[in-house]
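Q: sequence and computational prediction follow.
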Amino acid sequence: MTKLQILALLLASIALIFFTSCDGEDFQEPDVYKVTPDLRARINMGMKLPSKSEKKQFNEKFDLFLIKCEEMAYVSNPHVYMETPEYQEFKDFVLSASPNIYYLVMDKFLKGNPGFFSYIIYDLLIDSKPAIADQISERMQAVGTLEESFYLYPQLCLDIWVDALENQ
């Protein structure tokens, strides 16, 4: 082998090691909704608070719900998705888990999957934290519904929510 081939092989090996060394749990998908780095850092710190078992259960139940959504892709009304047993299991888990689980909900919202996630947040907030939902609604009074507020102004809505969680 020539020196050039050896150098190319060495660089390829280093690149392969670098790209495969990322832990899957540390990898972050890019956010659909852009927020300030400060708010994203606060959400990321909060995502470290739930236990590993809570994170695992959250992801399992959320993934089952997403699979159900993909099976029902023909439906355009978000409330139909939210009437499925998979969503009810997900919702029951979130409502019964520690408040720290809401940081995982916020992360999923920022990823934008599913596209109607603002309806899910509305449903979860109204059932679990109506005071936070009222606080967001008061601040966003001129915008419209809470769902629309999260869709149009995610930065402000999430900021209010994170502040409320941190002050509990």
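A: Sure thing, it's come through.
Q: how much space between residue 93 and residue 5?
A: 55 Å (CB to CB, to the nearest Å). In this view, the C-beta of every residue, glycine as well, is placed from N, C-alpha and C.
Q: for residue 88, that is, sorry about that
A: Relative to residue 5, and taking CB to CB, residue 88 is found at 60 Å.
Q: can you pick out the residue with more neighbours from those two?
A: Shown here are residue 88 and residue 5; by other CB atoms under 10 Å, residue 88 has more neighbours (13 against 9).
Q: name the helix or strand for that one, please.
A: helix 85-96 (DSSP states H and E).
Q: can you list the buried residues in stretch 97-105?
A: Buried residues in stretch 97-105, defined by neighbour count with 16 or more other CB atoms under 10 Å: 97, 100-105.
Q: how long is it end to end?
A: 12 Å (CA to CA, to the nearest Å).
Q: and what of stretch 73-82?
A: Taking CA to CA, the first and last residues of stretch 73-82 lie 13 Å apart.
Q: buried residues in it?
A: Quick answer for stretch 73-82 (16+ other CB under 10 Å): 78, 81-82.
Q: got TSV for these, with distance to residue 124, secondary structure and pLDDT too?
A: Putting the buried residues of stretch 73-82 into TSV (distance: CB to CB, whole Å; DSSP: H, G, I helix; E, B strand; the rest coil; pLDDT from 0 to 100) gives the following:
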residue	distance to residue 124	secondary structure	pLDDT
78	13	helix	80
81	14	helix	84
82	10	coil	85
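Q: let me know the closest of these to residue 157.
A: Using CB to CB, residue 78 comes nearest to residue 157 of the buried residues of stretch 73-82, at 17.4 Å.
Q: number of residues surrounding the residue nearest to the closest one when sequence neighbours are not counted?
A: Nearest non-adjacent residue to residue 78, counting by CB to CB, 6 or more residues apart in numbering: residue 116, 3.6 Å away. Neighbour count for residue 116, taken as other CB under 10 Å: 17.
Q: residue contacts, the most centrally placed residue in the chain?
A: With distances taken as CA atoms, centre = their mean, the residue of the chain nearest its centroid is residue 108 (1.5 Å). Taking CB atoms under 8 Å, 6 or more residues apart in numbering, we find residue 108 in contact with 62, 117.
Q: cheers, nothing more for now.
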